[in-house]
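Peer 1: Return atomic coordinates for the entry below.
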Amino acid sequence: MDANIKECNSKMEKSIKSLENELGTIRAGRANPHVLDRITVDYYGTPTPLQQVANISVPEARMIQIQPWEPSLVKEICKAIQVSDLGINPNNDGKVIRLVFPELTEERRKELVKDVKKKGENGKIAIRNIRRDANDNLKKLAKEDVSEDEIKELEDEIQKSTDKFVKKIDELIELKSKEILTV
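Peer 2: Numbering: from 1, shown residues only. This next block holds a predicted model:
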């Protein structure tokens with residue numbers, strides 16, 4: 001029975017990690033290399049994550065510099081960035097690609113905060129679905145030879161885990177929203 005709770009907590013942890021990764025890709029005015037995490041480049045016919053074909057650095061607060069290990073990749077990287085949802089046009093000098101992030105407008109900041117809250121809500125839904133599945137498993141156990149008290153105790157424990165992870169999501173949303181709204 002403890003295995004049910006461990007599995008439940010493990011799945012909830014994974015949901016939190018997934019949300020953290022998603023929130024990391026939302027840019028908040030400052031240049032953050034994690035906005036490039038989802039970009040893949042065609043490297044000898046294979047879609048390869050950008051981090052595996054180039055050195056990525058942040059020389060200034062609002063600039064990311066990408067230096068491919070092979071100069072022939074500059075055009076491919078620029079193309080991958082242009083077709084992505086970043087909304088930034090890359091500048092290149094043939095060897096190095098620079099992404100200059102403009103200041104976010106107040107309107108855009110509010111849109112980003114809405115997006116963060118939506119992603120957070122999706123994370124909470126995932127947590128609640130995990131709770132529901134765990135409780136369904138407990139109901140199956142109830143049909144076997146497990147007392148109602150034990151089932152109730154386990155359901156309480158699962159609810160405590162759910163509350164803890166939902167609170168963590170709220171904290172993540174709050175942090176990211178503050179980061180976005182800070183000028």
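
Peer 1: Report the contact partners of the residue nearest the centre of the chain.
Peer 2: By CA atoms, centre = their mean, the chain has its centre lying nearest to residue 22, at 1.8 Å. By CB atoms under 8 Å, 6 or more residues apart in numbering, the contact set of residue 22 is residue 119. Just so you know, the C-beta spots here come from the backbone N, C-alpha and C atoms, and that holds for glycine as well.

Peer 1: for residue 100, same thing?
Peer 2: Contacts of residue 100 by CB under 8 Å, 6+ apart are 62-63, 88, 91.

Peer 1: Let me see the domain layout of this structure.
Peer 2: 2-24+105-181, 33-100 (automatic domain parsing).

Peer 1: Let's have the ones you listed in TSV, adding mean pLDDT.
Peer 2: Listed next are the domains of the chain as TSV, based on pLDDT from 0 to 100:
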stretch	mean pLDDT
domain 2-24+105-181	87
domain 33-100	86
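
Peer 1: Could you measure from the residue nearest to the centre of the chain over to residue 104?
Peer 2: Distance, residue 22 to residue 104, using CB to CB, to the nearest Å: 18 Å.

Peer 1: Repeat that for residue 139.
Peer 2: 48 Å.

Peer 1: For the two, indicate the residue with more neighbours.
Peer 2: Set side by side, residue 139 and residue 104 show more neighbours around residue 104, with 18 against 10, by other CB atoms under 10 Å.

Peer 1: Tell me which other helices or strands the helix or strand encompassing residue 108 touches.
Peer 2: Using DSSP states H and E, residue 108 maps to helix 106-143. For helix 106-143, the packing partners by 3 or more CB pairs under 8 Å, 6 or more residues apart in numbering; DSSP states H and E come out as helix 2-24, helix 148-181.

Peer 1: okay, the angle between the shortest one and helix 106-143?
Peer 2: In other words, helix 2-24. On the basis of axes from the mean of the first three to the mean of the last three CA atoms, to 10 degrees, helix 2-24 is oriented at 170 degrees to helix 106-143.

Peer 1: Confirm residue 42 sits in a helix?
Peer 2: No - looking at residue 42 with DSSP: H, G, I helix; E, B strand; the rest coil, it is strand, so not inside a helix.

Peer 1: In this model residue 76 seems to touch it, though I could be wrong.
Peer 2: Yes - using CB atoms under 8 Å, residue 42 makes contact with residue 76 at a distance of 5.5 Å.
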